[in-house]
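[1] Quick one, fold the following:
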Amino acid sequence: MEHLFTISGATLIIHLPAELDHHSSEKIRLEADRLISSRSIRRVLFDFEKTVFMDSSGIGMIIGRYKMMRFMGGTVLAIRVNEQIRRVLTLSGIYKVIDIYEGIPQQV
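    Next up is the predicted model:
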């Protein structure tokens, strides 16, 4: 699980797996929460480069981290989002609260 997380300054980058389902979402949630609280993280980037499948538990995990970061005054971004995952994120309404990028934005 360690290879899924990279910390750069106050930014936590979560390299999501190919399948973001209940099993993987729970593991990511636990480790992300631990890192966010122990490392003074101010921004979380969800990197969807390898992700081809995501179910509702993945959406819930992202929304939970968004709420946590918003409470702490931080931000959340979704990067390298392919068309299939973009549809899931759009249907879920996440795009209303989290910026979504196909590539890597300049400010990252």
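
[2] Where does the prediction get shaky in the chain?
    Low-confidence regions of the chain, defined here as pLDDT under 70, cover residues 1-2, 106-108.

[3] What helix or strand is the residue nearest the centre of it located in?
    Closest residue to the average C-alpha location of the chain: residue 46 at 2.9 Å, with C-alpha atoms, centre = their mean. Using DSSP states H and E, residue 46 maps to strand 43-47.

[4] now for that strand, which elements pack on it?
    In terms of contacts (3 or more C-beta pairs under 8 Å, 6 or more residues apart in numbering; DSSP states H and E), strand 43-47 is packed against strand 11-15, helix 56-71, strand 75-79. In short, each C-beta sits where N, CA and C put it, glycine included.

[5] and the spatially closest residue to residue 33 that is not a sequence neighbour, how many residues sit next to it?
    Leaving aside its sequence neighbours, residue 33 sits nearest to residue 68 (C-beta to C-beta, 6 or more residues apart in numbering; 7.1 Å). By the criterion of other C-beta atoms under 10 Å, residue 68 has 18 neighbours.

[6] quick one: residue 68 from residue 30, how far?
    The spacing between residue 68 and residue 30, counted by C-beta to C-beta, to the nearest Å, is 13 Å.

[7] thinking again about what came up before, state the number of residues packed around the nearest residue to the residue nearest to the centre of the chain once chain neighbours are set aside.
    Using C-beta to C-beta, 6+ apart and skipping the chain neighbours, the partner closest in space to residue 46 is residue 78 (4.8 Å). Counted with other C-beta under 10 Å, residues neighbouring residue 78 total 24.
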